[in-house]
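Enquirer: sequence first, then the predicted structure:
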Amino acid sequence: MPALPQLYPYKAGPIEFIVMPGETVGVWVNKVYNFFKVLYIEGTPRSDPLEIDFGALGAGAVSGVVQLTFLEMPDNEFGQFRAEVLDDISALLYQGRADQRHKLNIRVATYTRFTALHDPDGHEGEFYVHENNWAFMQVTNQTDYALAQTRVAFWGFRYVLEQFPESVYSWTARPQRLPEQWTRVPATAHL
């Protein structure tokens, strides 16, 4: 049986690397795969997550849509993240025209305090951010009392990449020149 030419990144259970340094990824941006070699990986562990506080919210109030600037990646990098709601809120993740699972319009995932009951590792809301393609979040206080803080925690990995020249691999060339084995990374696209 031939080797699987395209590996998929989503895995149940605790978050783990989707590739190792030296392996090839295809990052989906603007309806085209761009191919990169992974140079190194840096982690943000769940034990010390990145947190954002959307501030105080009155009963039933909705925050504005906030760009998650602390998750932005520089050129030739992508991030793999999971999230957990820390307070009594519902958080909606948006990613433009994302190529993601369970996507409705531009909403990629919804997180609540109850998500951990059926998804303790947060894999159902895993998402990817590549270069200048951003993630946004909006939170709702679904209780009948005011909240002094509305926090969401993020953890995951940052991958540093080196792009292959189009003469090596190309999604748009006819015939296509694809790597023998590569991992699909569903990044976002703002068109």
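Expert: Arrived safely.
Enquirer: cross-check the contact I'm expecting between residue 38 and residue 26.
Expert: No - with contact defined as C-beta atoms under 8 Å, residue 38 does not reach residue 26; the gap is 11.6 Å. Just so you know, the C-beta spots here come from the backbone N, C-alpha and C atoms, and that holds for glycine as well.
Enquirer: of these two, which one has the most company?
Expert: residue 26 (23 against 20; other C-beta atoms under 10 Å).
Enquirer: note down every partner strand of the helix or strand hosting that one and its orientation.
Expert: Residue 26 is located in strand 24-29, with elements delineated by DSSP states H and E. Strand 24-29 has its sheet partners listed here by DSSP bridges as strand 32-44 (antiparallel), strand 182-185 (parallel).
Enquirer: hey, C-alpha coordinates of the shortest one in PDB?
Expert: Going back to what we said before, that points to strand 182-185. Extracted in PDB, the C-alpha atoms of strand 182-185 (Å, rounded to 0.1, in the frame of the first residue of the first chain):
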ATOM      1  CA  TRP A 182       3.400  16.200   4.100                       C
ATOM      2  CA  THR A 183       1.000  17.400   6.800                       C
ATOM      3  CA  ARG A 184      -2.000  19.600   5.900                       C
ATOM      4  CA  VAL A 185      -2.200  22.800   8.000                       C
END
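Enquirer: show the pLDDT at residue 27.
Expert: pLDDT, residue 27: 89.
Enquirer: that one and residue 56, how far apart?
Expert: Relative to residue 56, residue 27 is positioned 38 Å away (C-beta to C-beta, to the nearest Å).
Enquirer: which of these two has more neighbours?
Expert: residue 27 (23 against 13).
Enquirer: count residues in the vicinity of the closest residue to the more buried one other than its chain neighbours, would you?
Expert: Closest residue in space to residue 27, ignoring its immediate chain neighbours: residue 185 at 4.6 Å, by C-beta to C-beta, 6 or more residues apart in numbering. If you count neighbours by other C-beta under 10 Å, residue 185 ends up with 24.
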